[in-house]
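> Need coordinates for the following:
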Amino acid sequence: MQDPNEDTEWNDILRDFGILPPKEEKKDEAEELVLHLQKEAMAKPYEKMTLGQLKEAEDDFDDEDMRAMEIYRQKRLQEWKARQKIKKFGELREISGNQYVKEVTNAEKDVWVVIHLYRSSIQMCLVLNQHLSILARKFPETKFLKAIVNTCIQHYHDRCLPTIFVYKNGQIEGKFIGIIGCGGLNLKLEELEWKLAQVGAIQTDLEENPKKQIVDVMISSIRNTSIYDDSNGSGSDSDETKCP
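So this is what the prediction gives:
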């Protein structure tokens, strides 16, 4: 079968009568490459720059470029903000017990979740909520939540509060239970940040534990002494008052 694109007199006659379609023009690859390079050369350099590079290169642009660059920079900034909004958290949110499974146990894959079970009548819980609110803004890639304990766990004893659970992919990766477990009454923000970083919930830039390594005799004695009156000879907690 004769090639319709072949340069023959017969094919030319057939094309003249409309029997064959017009001959396909062969693309010159070298010409296409040149056109591509010319197009790239004509493109403004700022179209390939990051926001940081745009800031550094401002002195090299004329007024027209500056106006165009500002429009382009605002576009890039809006795109960045949109991406951050989609994948980030950035606040300490309140949930109820019926949201626990969805927000915590079945949270997004590979997302760290910090959940604080609290009671507003306990001062240490209020301190933790303040600290966690700040950390939620500082580490928006981690989901920070709080819930009034009775909405999640009935008959949870006050001596186990505050309680912080750290989850990832439905598994508990860390837990801090009670005033001592959470860092003590004088807990500083940096100390809580360090504790959460140690279990992997956040990526901190702290290089060492900000809490001084001093043995506190009072804390040690509290930890090793029963809070119950053993005068009746009972040496064990009831099921109702045991912490998890």
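
> Any regions of the protein where pLDDT drops low?
Judged by pLDDT under 70, the chain has its weakly predicted residues at 1-7, 23-66, 69, 80-87, 212-242.

> Show me the strands in it, by range?
92-94, 112-118, 143-148, 163-168, 171-177 (DSSP state E).

> mind listing what's buried in the third one?
So that's strand 143-148. For strand 143-148, burial by neighbour count (16 or more other Cβ atoms under 10 Å) applies to 143-147. For the C-beta atoms, the positions are set from N, CA and C on the backbone; glycine is no exception.

> Next, the angle from that strand to strand 163-168.
140 degrees (axes from the mean of the first three to the mean of the last three Cα atoms, to 10 degrees).

> Mind jotting down where the helices sit in this structure?
9-16, 29-42, 51-56, 63-87, 100, 123-138, 149-152, 178-181, 189-198, 217-224 (DSSP state H).

> rewinding a little: please work out which of the strands of the chain is packed deepest.
strand 112-118 (a mean of 24; mean count of other Cβ atoms under 10 Å).

> Next, the angle from that strand to helix 123-138.
Using the same axes, to 10 degrees: strand 112-118 against helix 123-138 is 160 degrees.

> can I get the CA coordinates of strand 112-118 in CSV?
Output of strand 112-118 as CSV, limited to C-alpha atoms (Å, rounded to 0.1, in the frame of the first residue of the first chain):
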residue,chain,number,x,y,z
TRP,A,112,-0.2,12.9,66.1
VAL,A,113,-3.0,13.7,68.4
VAL,A,114,-2.7,15.1,71.9
ILE,A,115,-5.9,14.9,74.0
HIS,A,116,-6.2,16.5,77.4
LEU,A,117,-8.9,15.1,79.8
TYR,A,118,-9.6,17.8,82.3
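
> now the residue lying closest to residue 111 once chain neighbours are set aside: how far from residue 68?
Take residue 111 and drop its neighbours on the chain: the residue closest to it by Cβ to Cβ, 6 or more residues apart in numbering is residue 143, 5.7 Å away. From residue 143 across to residue 68, the span is 39 Å (Cβ to Cβ, to the nearest Å).

> and what of residue 174?
Distance of residue 174 to residue 68, given as Cβ to Cβ: 50 Å.

> coming back round to it: okay, the buried residues of strand 143-148 in a markdown table with distance to residue 136 next?
Shown next, in a markdown table, are the buried residues of strand 143-148 (distance: Cβ to Cβ, whole Å):
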| residue | distance to residue 136 |
| --- | --- |
| 143 | 8 |
| 144 | 4 |
| 145 | 9 |
| 146 | 10 |
| 147 | 14 |
